[in-house]
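Engineer: This is a predicted model, with the sequence first.
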Amino acid sequence: MILAILQARVSSSRLPGKVLMPLLGEPMLLRQLERLRDVRQIDHLLVATSSEAPDDAIEALCQANGIDCFRGDLNDVLERFHQAAQTFSPEHIVRLTADCPLTDPALIDEVITFYLAGDYDYVSNCVEATYPDGLDVEIFRASCLDDAWQEARLPSQREHVTPFIHQQAQRYKVGVYRSVRDWSHLRWTVDEPKDFELVSIIYEALYRENKRFSMQDVLLLLERRPELANWNTMHGRNEGLQKSLAADAVSIITHTIEN
């Protein structure tokens, strides 16, 4: 069984409530879920949010649209993710985040096919990025998630779920799915107000004509409107991860002093 788990929370520090902000009249989260329904190789899709009161709205949205929702720890995302997975006992898990309303179902299927064909333990298209930020896909064995849940200690490993796995290429068979052309300079994720502006413009331009618009459709739009390519690129990639890595350094120093 391949289970997809989509992480979502209301309490974003840079753009609070972003997952519920309206894209063409529907919450951004619902637009992403709409796209994920077209992924062919996922057996089940689950939203994993926190047990904090602000995320009641996410659970309500899922219930209203027939999407399973699991609630767990806000800050220890690895704990929440692992508990969510336990409810279905999958063999393989796809990790997705709810700040990617331009996610491409065909690309997700490609990454899954690559992972299965290579008999990998972990594959992503984002640790070594060649795709636009916001088309991130990770897939890994549930047994690797068990290892991470039991052994991971660093803040970055607990908050971002998978570093414990992909940082150990000597222990796990780790694969990288690359694009033929490097599109990593493009920013299609939503963490800042300018990000949401760009995504809104893209939806306005493409969605009404084709609800299933693809990555290629967005790239063609950027060719027609080149000003959109740099609309929000003043923001860096993986800023949240960089903060966690800084917290790792503090954690290591503290542990060393205490011992």
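Structural biologist: Great, that's in hand. On a predicted model such as this, the values are computed, not experimentally measured, just so you know.

Engineer: Gln168 versus Leu6, what's the distance?
Structural biologist: 25 Å (C-beta to C-beta, to the nearest Å). (C-beta placed from N, C-alpha, C; glycine too.)

Engineer: Which one of these two is surrounded by more residues?
Structural biologist: Taking neighbours as other C-beta atoms under 10 Å, Leu6 and Gln168 compare with Leu6 leading, 25 against 16.

Engineer: how deep is the closest residue to that one other than its chain neighbours tucked in, by neighbour count?
Structural biologist: Nearest residue to Leu6, sequence neighbours excluded (C-beta to C-beta, 6 or more residues apart in numbering): Leu96, at 4.6 Å. By other C-beta under 10 Å, the residues close to Leu96 number 25.

Engineer: One more: the one 3 residues further on?
Structural biologist: Summarising burial for Asp99: neighbours were counted as other C-beta under 10 Å, giving 27.

Engineer: for this structure, what helix or strand is lowest in average pLDDT?
Structural biologist: helix 239-258 (a mean of 51; mean pLDDT, DSSP states H and E).

Engineer: contacting residues for Asp104?
Structural biologist: Contact analysis of Asp104 by C-beta atoms under 8 Å, 6 or more residues apart in numbering lists Arg35, Leu135, Ser214, Met215.

Engineer: which residues of the chain score low on pLDDT?
Structural biologist: Applying pLDDT under 70 to the chain flags the ranges 238-259.

Engineer: which residue packs closest to the spatially most central residue of it, ignoring adjacent ones?
Structural biologist: Against the mean C-alpha coordinate of the chain, by C-alpha atoms, centre = their mean, the closest residue is Thr97 at 2.6 Å. Nearest residue to Thr97, sequence neighbours excluded (C-beta to C-beta, 6+ apart): Gln7, at 5.0 Å.

Engineer: Give me the neighbour count for that neighbour.
Structural biologist: 20.

Engineer: got it, and the one 3 residues further on?
Structural biologist: The criterion is other C-beta under 10 Å. On that basis, Val10 has 20 neighbouring residues.
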